[in-house]
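[1] Could you look at this predicted model? Sequence included:
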Amino acid sequence: MRIKIKNNAKIDVNKNFEINFPAAADISIKINEYLEKTDQKEKTTAAGVYAVNLIGQIFEYIFSNYISDNNPDLFYKTKEYTESKIGKSKTKKVEDIFNKDFPPNGNTLEELIVLRLTNENPACSPYKVIFEETDLIKKTAYMEMLESSYTFLKNINGPGTGAINIIDFLKAPSKAHPDSLIDQLSYISENWKLLLGDKFQLLLRGIDFLKEESKPHFPPGPGPMEVYSYDYGEGSPEGFSKDSNWMPNVVMLAKSSLVWLDQLSKQYKTSITRLDQIPDEELDLISSRGFSALWLIGLWERSSASKQIKRTCGNPEAESSAYSLKRYEIADELGGWQSLNNLKHRCAERGIRLASDMVPNHTGIDSD
């Protein structure tokens, strides 16, 4: 399908092409130039032009491949019904003006319906200069014709098992996400995948184009940077130590928290599962060996999806990875923050400080 660009002088584009991203970029530039000249605040993007055209392609594809396969005379019957309601002469005038305003490319009634659905889609509003229906509405019985067509097609079930007619089926993406082209494409991807054939790859490409355009872009050179502040007030755990002589002389012991607690449980012959249950005797031993810092690995709440993935892959006893996290909170199974503060206080009495690592991109697929 070629994009339905109206034959008018508002923007000058080559109308005889298959839409692709460079062509979409060219159209977007020219629409924005027109919008700027007419003091309109809306702006378009290449990905947006591509997406609008893609949605139209998908609508026509579903009409041609699903409806026509099940009801080959559908558009003939629809036109016959419409002519019985508004007359043949009015119907022909609509078709004549449409074929004059837009490059003919296929079944006229099908393309008229797709044009109307596109104009009814709020997310397509910034792009209306290339497919507006002004002359059709003012000079013909276009709206009457579409109303009659809709009335007839509302008796035709759309794809799938749900009892929904073809018109409401095609309106579903814009009804679910009226202001977002990317959400409409995502809706189509999730709900219509089996109907799209080779259009599905184009759909994924359209989603990628929109995602890429939404990323922040900066002029050549470094983007704006803000010096991060760790000043969170009195008693903040992120505060830096004032006794600078401590850091160069630190002797640090690393412990994998869950492994260590399991070892302590066996050593002391009792259940030790929380940080506040670590025996004072163990802390005394660490201090006596000259350690001044204890690095606890795996403190944060872990992703449950990580455990499920590892077990599905063949290790029925696997636990979540310490670096696939649900959220940066001390894990409940370790006793939470209260348990950590208990350990911190007892370690401080022995000259031992606590350390942990935090890597913001160490997240699970179910991470907050």
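    Done, it's in. Numbers count the residues shown, from 1 in each chain.

[2] Every contact and neighbour count from this point should use C-alpha atoms.
    Noted.

[3] ok, now which ones touch the closest residue to Lys128 other than its chain neighbours?
    Distances taken as CA to CA, 6 or more residues apart in numbering place Asn119 nearest to Lys128, at 7.0 Å, with adjacent residues excluded. Residues near Asn119 by CA atoms under 8 Å, 6 or more residues apart in numbering: Ser125, Lys128, Phe131, Glu132, Glu133.

[4] what's the farthest-apart pair in those?
    Within the contacts of Asn119, two members stand farthest from each other by CA to CA: Ser125 and Glu133, at 12.4 Å.

[5] picking that back up, look up how far Gln277 lies from the residue nearest to Lys128.
    Computed with CA to CA, to the nearest Å, the distance linking Asn119 and Gln277 is 66 Å.

[6] try Asp366
    Going from Asp366 to Gln277 by CA to CA gives 30 Å.

[7] And for Cys124?
    Going from Cys124 to Gln277 by CA to CA gives 61 Å.

[8] Out of those two, name the residue with the larger neighbour count.
    Comparing Cys124 with Gln277 by neighbour count (other CA atoms under 10 Å), the higher total belongs to Cys124, at 23 against 17.

[9] who's in contact with that one?
    By CA under 8 Å, 6+ apart, the contact list for Cys124 reads Val52, Thr118, Leu181.

[10] shaky segments in the stretch 51-200 of the chain?
    In the predicted model, the stretch 51-200 of the chain carries pLDDT under 70 at residues 104, 160-163.

[11] same thing but 80
    For the stretch 51-200 of the chain, residues meeting the criterion pLDDT under 80 lie at 66-71, 101-106, 158-163.

[12] Do you have the helices of it handy? List them.
    Remark: helices of the stretch 51-200 of the chain, listed N- to C-terminal, are 68-70, 74-86, 88-101, 108-120, 134-139, 142-153, 166-176, 181-191, 199-214; assignment by DSSP state H, counting those that start in this stretch.

[13] Kindly reformat those as JSON lines and extend each row with distance to Leu354.
    Listed next are these as JSON lines, based on distance: least, CA to CA, whole Å:
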{"stretch": "helix 68-70", "distance to Leu354": "70"}
{"stretch": "helix 74-86", "distance to Leu354": "74"}
{"stretch": "helix 88-101", "distance to Leu354": "74"}
{"stretch": "helix 108-120", "distance to Leu354": "61"}
{"stretch": "helix 134-139", "distance to Leu354": "71"}
{"stretch": "helix 142-153", "distance to Leu354": "70"}
{"stretch": "helix 166-176", "distance to Leu354": "50"}
{"stretch": "helix 181-191", "distance to Leu354": "45"}
{"stretch": "helix 199-214", "distance to Leu354": "41"}
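
[14] just so I know, which of those helices lies nearest Glu33?
    With CA to CA as the measure, helix 199-214 is the member of these nearest Glu33 (19.0 Å).

[15] Tell me which residues are up against the closest one.
    For helix 199-214, the surrounding residues in contact (CA under 8 Å, 6+ apart) are Ala47, Gly48, Tyr50, Ala51, Leu54, Ile58, Ile182, Leu185, Ser186, Ser189, Lys193.

[16] domain parsing for the protein?
    As given by automatic domain parsing, the domain ranges for the chain are 21-214, 247-355.

[17] export these to a markdown table and tack on distance to Met225?
    Listed next are the domains of the chain as a markdown table, based on distance: least, CA to CA, whole Å:
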| stretch | distance to Met225 |
| --- | --- |
| domain 21-214 | 19 |
| domain 247-355 | 24 |
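
[18] of all these, which lies closest to Asn361?
    Of the domains of the chain, nearest to Asn361 by CA to CA is domain 247-355, at 9.0 Å.
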